[in-house]
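Asks: Need coordinates for the below:
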Amino acid sequence: MIAEDGSQIGVIPVKEALKTAEENGLDLVEVSPKSNPPVCKIMDYGKYKYQLEISEKLKKKKQSQIIIKEIKLRPKIDINDLNTKKRQIEKFLSSGYKVKITVMFRGREIVHKELGINMLNKLVEELKDKGAMELEPKLDGYNIITILSPV
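Replies: Reported below is the predicted structural model:
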């Protein structure tokens, strides 16, 4: 058993430990049930739960979420529109986001999927100083996708 100040009391019967905790107006909490004998601590259980909640919130806050922005293109996109999309991709990459670039095909356009792959390769080549290709261009149904991550 461990006292509320952290000092070790030693191995004592459960009834005596409960009596000691009750006298102090605290709870007897089993900290390590798998050890032999089980380790118990005298503490305020409500305060302990509150401390655990706060530590969980801090852990969640410190976790970084990976956000993927998506840019959709068509295989017959105009040069000026493509340049606008390229600037948007550069903006996302400089902000630290990953970017998923999707070339969408409709109907029989999928027959010329090499146009989409060439467009993606050219775009990735132009953006190689801003982002690295994480996923090679691949066909996914009627779409070709690739993912760029910031450098």
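Asks: Quick check: L82 vs K41, distance?
Replies: Distance, L82 to K41, by CB to CB, to the nearest Å: 64 Å. The C-beta positions use only the backbone N, C-alpha and C, and glycine is treated the same way.
Asks: Comparing those two, which residue is more hemmed in?
Replies: Neighbours were counted for L82 and for K41 using other CB atoms under 10 Å; K41 has more, 22 against 16.
Asks: Just the element for that one, please.
Replies: strand 39-43 (DSSP states H and E).
Asks: for the record, mean pLDDT for that strand?
Replies: What strand 39-43 shows for mean pLDDT is 89.
Asks: How about stretch 7-20?
Replies: Confidence for stretch 7-20, expressed as mean pLDDT, is 87.
Asks: In it, which residues are buried?
Replies: A17, T20 (16 or more other CB atoms under 10 Å).
Asks: Determine the longest helix present in this protein.
Replies: The residue-count maximum for a helix in the chain (DSSP state H) belongs to helix 45-62.
Asks: helix or strand right after it?
Replies: Following helix 45-62 in sequence, per DSSP H and E, is strand 68-73.
Asks: So what touches that next one?
Replies: Residues outside strand 68-73 that contact it (CB atoms under 8 Å, 6 or more residues apart in numbering): 82, 85, 88-89, 92, 97-104, 119, 147.
Asks: any idea how far the residue most central in space within the chain lies from L18?
Replies: The residue lying closest to the centre of the chain (CA atoms, centre = their mean) is Q65, at 4.0 Å. Per CB to CB, Q65 is found 45 Å from L18.
Asks: what helices or strands is the lengthiest strand in the chain leaning on?
Replies: Ranked by residue count and defined by DSSP state E, the top strand of the chain is strand 131-140. The helices and strands touching strand 131-140, judged by 3 or more CB pairs under 8 Å, 6 or more residues apart in numbering; DSSP states H and E, are helix 113-126, strand 143-150.
Asks: ok so, going back, the strand holding K41 - contacts with which helices or strands?
Replies: So strand 39-43, by 3+ CB pairs under 8 Å, 6+ apart, packs with helix 14-23, strand 27-32.
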